[in-house]
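Visitor: With the input below, show me the fold.
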Amino acid sequence: MRVPLSWLREYVRVDATAEEIAHRLSISTHEVNEVVHRGVPTDGGNLDRFRVGLVLEAGKHPNADRLQLCRVDVGEAEPAQIVCGAWNFAAGAKVAVALPGATLPNGITLERRELRGQVSEGMILAEDEVDLGTDHAGIMVLDDALEPGTPLADVLPLTEQILDVEPTGNRPDLLSVYGIAREVAALFGGELLPPPGVDPARGGDEPVEIRIEDFDGCPRYVGRLFRDVRIAESPVWLKARLRASGVRAISNVVDVTNYVMLALGNPLHAFDFETLHGGIVVRRARPGEEMRTLDGTLRKLDPADLMIADAEHAVALAGIMGGEETEVSDRTTSVLLEAANFEPVGILRSSERLALRTEGSNRWEKGVDPYLAGPAATFATQLVVELSGARWTGHDDVQGHLPERQRIVLRPERTRGLIGLDVPDERQREIFEALGFDVTADWDVTVPTWRARDVTREVDLIEEVARFVLEDVPFTLPRRDATFGRLTRWQRLRRVAEDVLVGCGFAEAYTPTFVSAAEDPDALQLPEPLSTEAAALRTSLRASLADAARANVAVDNTDVALFEIARVYARGEGSLPVERWHVAGIVEGGFGDAKWAVEQLYAALKLEPTYARASEPFLHPGKAARTAEGWVGELHPSVLDGVWGAFELDLDALVAAAPEAVEYEEVSPFPEVRQDLAFVVDEDVSAAELAAAMREAAGPELRSVQVFDEYRSGQIGEGKRSLAFRVAFGSQERTLTDEDAAAPRGRIVEALASRFGAVLRA
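Guide: Below is the predicted model:
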């Protein structure tokens, strides 16, 4: 959320700088990412070069058809002559002027210069030239009541400091400028001004028909009717403030709804009243009902979705998005303003099911103060009347049971005990009262409605005190108690796996446990998903590491090699999933690099892998193998561009298979007899199967066997291949001769011929 400091200061009187406010908020309230400066640079007194000007004369430039030559009163002894390319003004207009010496937001400093033979002593400004908007079609025409020479900074927010903040999910009251102003007032002892908004005089007394069929989903609905609405562009100050807050300006009425939402935290919606058929009905969607939302999408509704409807059909997804049919447009002359309160969980479920997140739904799903709808309607009414010239002619406020303020008993001594600081009773009372809590003499604390969801217990009250005195906590080293212990076997072997992969050149990655349901169809769906992208528990680490590799490639990182050790989840027989620890890796380079890392991992755990040919849709055909504990291969190009090797192994299974103790085998002092054997076998016979059979047939005299070559040719037959093995025969008692090695060699040839039909080539 972006909070313009000038807006914040309209609600709280405090002398602190932007940096001081950011520092205190970061410690006690929420994260402040940065303080952003927007608009005209303020260094060197630059702002005095921006003035309100009165156009005295405006006519065609003598040497350019598309330029005007103007004389402008800027409050100095002589008018300034300015060449301008815009034609949306004439003599008598009040305009924004930048004089020579003024530095614009883009860093350009204006100078007195000649344009097509005429001297120009400054610039008549469009809103985009001072970062107040995006419009460059014409210059800004200001209020006629302004005096020439008035500093432009007194009229428009030429310069702005913006707090980029991240409120936590349990503090929906901080999703508003006024909510943050309340925190700032409490932190600095400043004066919090009353919430903005005063109801204007009524311009009629028309009935507004509101009916709520589901008070659980909508405990309150305020509807206000406006006539003679003139839809137009918002004034520059409003567009500038929305722009600084990260919101796009649309039109005066729509901009008011966004402005009030940002100011107070209660989302609003405006309907074109003439498109409604009958009054407003708040109900659940009917079976098979559909509605086209403002983004142009036809959405199939679920009976659990809360809808805003008229007498005929749904016109809005409650708390999420309005309907296209009732959108406020340039032709709108009558507006129905909605200021309501919606139950959070239902909004969250509908938003996630429809994959539709909005600024409004983000606030509703966290819980908006149900008593805020009234003040929001008042403030919006004032602005709609002022900015569109409308008449407020109708009002209705339908309420169900609104929650009462919760009361909690606090023990001040318990606060001191938990925090570990001697916080006096009066200091605790000051903190609560500054935050809007009511405290009786015997410490019966009444929670304000805007904090009802996160302050429910005594310990929550203690936390409020704690976050205000964090800076008083002294810097001390923790007391060290002598403790003795050791890692479990599983922990030791996990660290071995980490060390091995780091030694192989891999960097450890940490990726989210939650994944999209579309990304992993077998994943376990969450009953209350955080978002569409985090709706299920992953069953594999493969996709997460591929995403991490893709992100590295996107920023031009090379030689990427990542590994992760984390849990994966599978469906269990009961209500709980089966959790397994996996180790997975991805490396730029291909199958060989991944297989080498797997072999080092097995060797470190004193295991010998046995490979079998595998076929996986995410692996390259012919470059995929499976072990007893997982798989290794080269990723298919459709998964990730480039040549990437990957593996994923069940770490729990590896640890279970690793020997408890390694038995020492004496090294033979006698030389070995080494021979190469090549066999012609069917294509579907794997090298691992042949090697296992060779060890079994030869007995202990076969010291090692390795495959080193594969050959195919029409000479050896269709569907056949030749596999070459390097074998070593040896003994602990003597040096074997060629004749001694002939016996186990013969047993190997005979066993492979009988089991696999293998033919010895060499």
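
Visitor: Pull out the buried positions in the top helix by length along the chain.
Guide: Taking DSSP state H as the criterion, the chain has its longest helix at helix 738-756. Under the neighbour-count criterion of 16 or more other Cβ atoms under 10 Å, helix 738-756 has Asp740, Ala741, Pro744, Arg745, Arg747, Ile748, Val749, Ala751, Leu752, Phe756 buried. In this view, the C-beta of every residue, glycine as well, is placed from N, C-alpha and C.

Visitor: Ala693 and Val749 touch, don't they?
Guide: No. Counting by Cβ atoms under 8 Å, Ala693 does not reach Val749; the two are 11.0 Å apart.

Visitor: show me where the stretch 51-200 of the chain has strands.
Guide: With strands called from DSSP state E, counting those that start in this stretch, the stretch 51-200 of the chain shows them at 64-73, 80-84, 94-98, 113-115, 118-120, 123-124, 159-166, 191-192.

Visitor: Let's have the ones you listed in a markdown table, adding mean pLDDT.
Guide: Shown next, in a markdown table, are the strands of the stretch 51-200 of the chain (pLDDT from 0 to 100):
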| stretch | mean pLDDT |
| --- | --- |
| strand 64-73 | 93 |
| strand 80-84 | 94 |
| strand 94-98 | 94 |
| strand 113-115 | 90 |
| strand 118-120 | 93 |
| strand 123-124 | 95 |
| strand 159-166 | 93 |
| strand 191-192 | 95 |
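
Visitor: between the ones you listed, which gets nearest to Arg283?
Guide: Closest of the strands of the stretch 51-200 of the chain to Arg283 is strand 159-166, at 35.7 Å (criterion: Cβ to Cβ).

Visitor: Now do the closest one: everything it contacts.
Guide: With contacts defined as Cβ atoms under 8 Å, 6 or more residues apart in numbering, strand 159-166 is touched by 1-6, 8, 18, 21-22, 25, 30-42, 47, 153, 174, 180, 240, 244-245.

Visitor: what's around Val423, how many residues?
Guide: Burial measure for Val423: 19 neighbouring residues, criterion other Cβ atoms under 10 Å.

Visitor: should've said Gly319
Guide: The burial count assigned to Gly319 is 30, neighbours taken as other Cβ under 10 Å.

Visitor: so who does it touch?
Guide: Shown in contact with Gly319 (Cβ under 8 Å, 6+ apart): Pro267, Leu306, Ala340, Phe342, Ile347, Gly360, Ser361, Trp364.

Visitor: for those residues, which one is nearest Leu760?
Guide: In terms of Cβ to Cβ, no member of those lies closer to Leu760 than Ser361, at 72.5 Å.

Visitor: Look up which helix or strand that closest one falls in, please.
Guide: Assessed by DSSP states H and E, Ser361 sits inside helix 359-364.

Visitor: Tabulate the CA atom coordinates of the following helix or strand past that helix in PDB.
Guide: Per DSSP H and E, the first helix or strand lying C-terminal to helix 359-364 is helix 373-388. The C-alpha coordinates for helix 373-388 follow below in PDB (Å, rounded to 0.1, in the frame of the first residue of the first chain):
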ATOM      1  CA  ALA A 373     -20.100   1.900   6.200                       C
ATOM      2  CA  GLY A 374     -21.800   5.000   7.600                       C
ATOM      3  CA  PRO A 375     -18.800   7.300   7.700                       C
ATOM      4  CA  ALA A 376     -17.700   6.100   4.200                       C
ATOM      5  CA  ALA A 377     -21.100   6.800   2.800                       C
ATOM      6  CA  THR A 378     -21.000  10.300   4.300                       C
ATOM      7  CA  PHE A 379     -17.500  11.200   2.900                       C
ATOM      8  CA  ALA A 380     -18.400   9.800  -0.500                       C
ATOM      9  CA  THR A 381     -21.600  11.700  -0.600                       C
ATOM     10  CA  GLN A 382     -19.800  15.000   0.100                       C
ATOM     11  CA  LEU A 383     -17.300  14.400  -2.700                       C
ATOM     12  CA  VAL A 384     -19.800  13.200  -5.200                       C
ATOM     13  CA  VAL A 385     -21.900  16.300  -4.700                       C
ATOM     14  CA  GLU A 386     -18.900  18.600  -4.800                       C
ATOM     15  CA  LEU A 387     -17.200  17.100  -7.800                       C
ATOM     16  CA  SER A 388     -20.100  16.100 -10.000                       C
END
